[in-house]
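Asks: Sequence and predicted structure below; questions after.
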Amino acid sequence: MRIAIIASPRCGNNWIRRVISELSGYPHFAAHSINDFPNELPDNCILNIHAPCDDQTREYFHRLSCKLVILGRHPLDVFVSVLQFARREPSVHKWLDGRCFIPRDARDLYPDSPAFVEWMCSEGARNLLSVTLSWWKEEGNSARLKYEDVVDAPGKGFAELFRTLGAPLAGPIQSALDNYSVAYFAPFNNHGWLGQKDNYAKFITPANLVKVQAAHVEYFSILDYDIKSDPSLDHEVARTAYLQMLPKDLALTN
């Protein structure tokens, strides 16, 4: 069985891919483009990519008889995670062939920064979300999986996913979850940061949450997300909360 995990960046791709790989016993491959995958792939393997749904990509996975797993995550948590990841990972500027236009000065920003709020409402942010959105709307996907559901109940989430795929489990789910905790990913340019949901509500003020939601109406609607906000949260409190959560080596430079 070949499984393709497709999603926008920062939707838990790396974590979910590695857990599925351990539970299935299949090797896994990650790429920015279908052209980057090996020409010869095992009959049983896992592929992971950030690529919008188009004829070429759809045909590629169809030709390989892949079962498609589409990941979704709250867009505001995606954006907060993008900012944190961009603080030390230059490859973010290659995502979607550079069409995400992630701010080059990410290390100087925080989620409620005017410049970052502007980016969250921009075409680049829409392009980033378009990967998950375009595939989520496709008919014939084998599974749609929300990051929040797996975080809330990982054992149940992965068990249901394997039943949906019709894939046998090669080992205990809890063992795989223990092996791929947030701590496991910390050394890898902070691929895993907090491993939680609704982080955005602590870091972005209500007025800015509304602005961002208005810029991504289709994603919020199709994936059935809303915003949670604290009416008492002001800009300085939001900024301080974010700074307190950053690893020391990722502190603001100004």
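Replies: Good, I have the coordinates.

Asks: so where's the stretch 151-254 of the chain uncertain?
Replies: For the stretch 151-254 of the chain, the stretches flagged by pLDDT under 70 are 182-195, 247-254.

Asks: Show me the strands in the stretch 51-200 of the chain, by range?
Replies: 66-72, 143-146 (DSSP state E, counting those that start in this stretch).

Asks: Contacts made by the longest one with the rest, please.
Replies: The reference is to strand 66-72. For strand 66-72, the external contacting residues (CB atoms under 8 Å, 6 or more residues apart in numbering) are 1-8, 11-13, 16, 20, 47, 61, 132, 135-136, 138, 140-147, 161, 165, 223. To be clear about C-beta, it is placed using only N, CA and C from the backbone, and glycine gets the same treatment.

Asks: circling back to that earlier point, deepest in the core, which of the strands of the stretch 51-200 of the chain is it.
Replies: strand 66-72 (a mean of 23; mean count of other CB atoms under 10 Å).

Asks: Who does that strand pair with, and is each partner parallel or antiparallel?
Replies: Strand 66-72 pairs in its sheet with strand 2-6 (parallel), strand 143-146 (parallel), by DSSP bridges.

Asks: any idea of the mean pLDDT for that strand?
Replies: Strand 66-72 shows a mean pLDDT of 97.

Asks: Mind putting the strands paired with strand 66-72 into JSON lines with mean pLDDT and distance to Glu40?
Replies: Formatted as JSON lines, the strands paired with strand 66-72 follow (pLDDT from 0 to 100; distance: least, CB to CB, whole Å):
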{"stretch": "strand 2-6", "mean pLDDT": "98", "distance to Glu40": "12"}
{"stretch": "strand 143-146", "mean pLDDT": "96", "distance to Glu40": "26"}
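
Asks: I'd like those strands as a markdown table, with distance to His235 appended.
Replies: As requested, the strands paired with strand 66-72 are exported to a markdown table (distance: least, CB to CB, whole Å):
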| stretch | distance to His235 |
| --- | --- |
| strand 2-6 | 36 |
| strand 143-146 | 30 |
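
Asks: Lys197 against Val150, yeah?
Replies: No: applying CB atoms under 8 Å as the test, Lys197 and Val150 come out as separate, 9.8 Å apart.

Asks: quick one: which of those two has more around it?
Replies: Val150 (23 against 18; other CB atoms under 10 Å).

Asks: right, and the more buried one touches Ile20 too?
Replies: No: Val150 lies out of contact with Ile20 (CB under 8 Å); the separation is 10.8 Å.

Asks: What count of nearby residues applies to the residue nearest to Gly155 when sequence neighbours are not counted?
Replies: Of all residues not flanking Gly155 in the chain, Ile173 sits nearest, at 5.1 Å (CB to CB, 6 or more residues apart in numbering). Counted with other CB under 10 Å, residues neighbouring Ile173 total 18.
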